[in-house]
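In: what would the 3D arrangement of this be:
(chains A and B)
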Amino acid sequence: MKTNFANVWMTRLMIAGLFCTLLGCSLLNKAIDTVSALEDAKVADNLEPSEEYYLGRGVSAVILDTYKPIEIKTPKQELQVTYLNDMAGYIERASKDVTRSAVKLGDHTNRSYDEQEHVRNLALFKGIQIGILDTEDIAAHGTPGGFLWLSYGAIHLCNNEDELAALVAHEMSHILLDHGMANYRSAYKSQIMTSTLSETWFSGDGAVANFGRLCTTYAEDAFKGYNPGQEFEADNWGARALAASGYAPDAMVAVLKRVEAFEKDHDVDPKDYLAHHPPIGERIKTVQAVIKDNNLKANPKSQTAEAVTARNKRFEEAFK
Amino acid sequence: MDRWKKFPWRRLLALLAVAVALFFAISPVQGEKMYVKVGSSSADAVVVSSTDFFEQEPLGRLIQNQPVEMLDKTDGEYVKIKAKIDGKDVEGWVKKVILQKKPLENVPRVSESGAVDNASFAAPGFNKEIEDGMRKDSDEMAAALKRVDNFEEKRAKLMGLDPKAENPDPTPQMKHYRDFAKSGGLSN
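Out: Alright, predicted model coming up:
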């Protein structure tokens, strides 16, 4: 009888223990949900993908008021736009596992926990869309929501497909790492947000005028270029994305060397887009170190003579 | 020894089994409801059969704000989900980043005051109505936005999408990307 009595109590104790464990798990989940809800409230000023898309359209409109886009009328122009959009779409999908952590990308930028989470979870409402600006000026502008505008001047700097992919991957990273909005927030905090263009376009009050001001101020910041830390981070992400997509990561170094040669051949005006980038020699060295330290290599199958020839042939058909 | 023999091992095992079953039943990952945050014309909205870019087949596409059930399987940046698509239950893979815990609010949050303050300047709420308002306010902006419209329409057509549809099926775009990679000898 004594033993049975002990067993009954032992069983009751076990049931009580399990009940407490389950209750504890449930409470823990609730606590995690609460913290998560509080975090969401903190980042409430972050835009949803559809909002970033509409902001991107507005910023694109301002960019296209400065640089005219190609009309996409001739078969050659259609080939160029299709080629660039295929390339960007492929790189974006193939580089899904490339890190977006500021620390892993060289610790060049400071992001708060909320900003880092926003970048980690950033998704594009309609994916990447690349258009071409009809100018030989060197210009490359990414907007929120996935719009990327490359000038003929920037494209003609590249000598082969892998180099063009490096340019696209670098610019794409500015979008995926939310560099433009980070600059915008930073500029707002410093009270730097006067915009002569917005004053001429939008004198009214209300939501529409605010949206207009945001688009124009954002675009004006984009024309000035990203800050040096963001450029280093974009080079780093770009080199990793190239390797993940099968392109030679060294193409990032090659395209930077072409920019270096361009800068030497032309007196880069302080107002020019390139003048706001960090010293090119420093960027080349940093990317070389990233490739070496992380042992970045493309899949060897993508680097066979046959594969490289096929890529360069279609590059020449599109842009030479 | 007698005490060990008389110990209720069977009851203990049964309780453990119940506990394990309950644990999985309340697991925060399996069966968690999430909401789609991208548009149905994004290639990321397509549920695919595999996480391998070159192997994946489209199984159906999700729409913005659609609830999906997150299953307990992940592969890199992909997560396995279950969703109702065209009345059928579909299980497949999507990128984790297209899902979020809460449904989108979809309410304008732009301040009506016009004041240059944090709330109005950083506040979102951008949508087609706001854009249409911008077109009305400025002929220059209307002309510039028309260029964006033309670009999107022509690009969509070139990528095999229906240029007139508000949310065209993005599946042909995925084929474009894959064909591009294959013809250039690219593999990840």
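In: contacts only, for residue A:92.
Out: A:124, A:127, A:128, A:172, A:176 (Cβ atoms under 8 Å, 6 or more residues apart in numbering or on different chains). For the C-beta atoms, the positions are set from N, CA and C on the backbone; glycine is no exception.
In: weed out the non-buried ones from the residues you listed.
Out: Of the members of these, the ones counted as buried by neighbours, 16 or more other Cβ atoms under 10 Å in any protein chain shown, are A:124, A:127, A:128, A:172, A:176.
In: my guess is the first one contacts residue A:49. True?
Out: Same thing as residue A:124. Yes. Residue A:124 is within contact range of residue A:49, at 6.5 Å (criterion: Cβ atoms under 8 Å).
In: between those two, which contacts overlap?
Out: In terms of Cβ under 8 Å, 6+ apart, residue A:124 and residue A:49 are both contacted by the residues A:145, B:38.
In: please tell me how far residue A:138 sits from chain B.
Out: 21 Å (Cβ to the nearest Cβ, to the nearest Å).
In: okay, and the closest residue to that residue other than its chain neighbours sits in which element?
Out: Distance criterion Cβ to Cβ, 6 or more residues apart in numbering or on different chains; nearest residue to residue A:138, sequence neighbours excluded, is residue A:153 at 4.7 Å. Assigned by DSSP states H and E, residue A:153 belongs to helix A:152-156.
In: contact partners of that helix?
Out: Here helix A:152-156 makes contact (Cβ under 8 Å, 6+ apart) with A:132, A:133, A:134, A:135, A:136, A:137, A:138, A:139, A:140, A:164, A:167, A:319.
In: so which of the residues you listed wins on neighbours?
Out: Within the contacts of helix A:152-156, most neighbours by other Cβ atoms under 10 Å in any protein chain shown means residue A:164, with 26 neighbours.
In: what sits against that one?
Out: So residue A:164 contacts A:87, A:155, A:158, A:315, A:319 (Cβ under 8 Å, 6+ apart).
In: look up phi and psi at the nearest residue to residue A:301 once chain neighbours are set aside.
Out: The spatially closest residue to residue A:301, leaving aside those adjacent along the chain, is residue B:187, at 5.2 Å (Cβ to Cβ, 6+ apart). When read as degrees, to the nearest 10, the backbone of residue B:187 gives phi -150, psi 150.
In: surely residue B:187 touches residue A:299?
Out: Yes. At 4.8 Å, residue B:187 and residue A:299 qualify as touching, with contact defined as Cβ under 8 Å.
In: now the helices for the stretch 151-300 of chain A?
Out: A:152-156, A:161-176, A:179-189, A:196-201, A:207-224, A:228-245, A:250-265, A:280-293 (DSSP state H, counting those that start in this stretch).
In: save these as a markdown table, and put in mean pLDDT too.
Out: Listed next are those as a markdown table, based on pLDDT from 0 to 100:
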| stretch | mean pLDDT |
| --- | --- |
| helix A:152-156 | 97 |
| helix A:161-176 | 97 |
| helix A:179-189 | 73 |
| helix A:196-201 | 38 |
| helix A:207-224 | 76 |
| helix A:228-245 | 96 |
| helix A:250-265 | 93 |
| helix A:280-293 | 96 |
